[in-house]
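In: sequence and predicted structure, then a few things I'm wondering about:
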Amino acid sequence: MTDTTDGHLTGPRVLALAGKVLRPMDAVERARPALRALQRSTRCTVHLAVLFGDELVYVDKIEADKPYRMASRLGTSLPAHGTAIGKAVLASFSPTELDAYLSRTGLPGRTPHTITSTPRLKAQLTRVRRSRFALDDEENEVGVRCVGAAVRDHAGAVIGGLSASSLALEHSLPELIALGPRVLRAADEVSAALGWP
């Protein structure tokens, strides 16, 4: 699988995956204007991911204009509970769906900060439902914080989400929370581009 230097997806496997989950095939391209605008307004690296089975898969990435690059790669799959996008998606699940998901996947820890307690995760998802955006405070990768929101398809089903990510030393948690409304607006714009009114 290959990708261009700006993170634009070109890999055949990722394109096929994106087409399978986000119909029609040009959905990732239709999401791009909102992703670019979010990257410019936040100066963060922006990701678009879709839920594929029980994991999230990155299908697009726009790097921040910084001297470093995020380690995330297109096509990488991640457990949902440790990412901002994933928590935004999990917050859309019914209690039965969430319990079934947790019984299948458990809550494996990726860093010392990953939430591995079901009651703690459920409490956080309750807050996500109120604010409509979620946070990852070094839970997926040490030294990286993210804020994410869910994306819906034309039928209103949550199929993934987008996030703005930065190094923890660049954005404190309160600063990241302040970016939440911008991320949420971008997610709503992507949902509209996919046909959700």
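Out: That came through fine.

In: for the spatially most central residue of the chain, give its distance to Pro197.
Out: Geometric centre of the chain, nearest residue: Ile85, 2.8 Å, by Cα atoms, centre = their mean. Counting by Cβ to Cβ, to the nearest Å, the gap from Ile85 to Pro197 is 22 Å. From N, CA and C alone the C-beta is placed, and that goes for glycine too.

In: and Ser163, by the same measure?
Out: 23 Å.

In: do Val144 as well
Out: Counting by Cβ to Cβ - Val144 and Pro197 are separated by 34 Å.

In: for Pro181, same thing?
Out: 20 Å.

In: between these two, which one's more packed in?
Out: Between Pro181 and Pro197, Pro181 has the larger neighbour count (other Cβ atoms under 10 Å), namely 14 against 7.

In: element containing the more buried one, please.
Out: helix 173-193 (DSSP states H and E).

In: quick one: contacts of that helix?
Out: Applying Cβ atoms under 8 Å, 6 or more residues apart in numbering, the contact partners of helix 173-193 are 27, 30-31, 33-35, 37-38, 41-42, 44, 46, 48, 88, 131-133, 135, 137, 145-153, 161-164, 166, 171.

In: from the residues you listed, which land in strands?
Out: The strands, defined by DSSP state E, take in 46, 48, 135, 137, 145-152, 161-164, 166 from the contacts of helix 173-193.

In: residue ranges with poor pLDDT in the protein?
Out: Scanning the chain for pLDDT under 70 picks out the ranges 1-27.

In: at 80 what do you get?
Out: 1-28, 66-73, 75 (pLDDT under 80).
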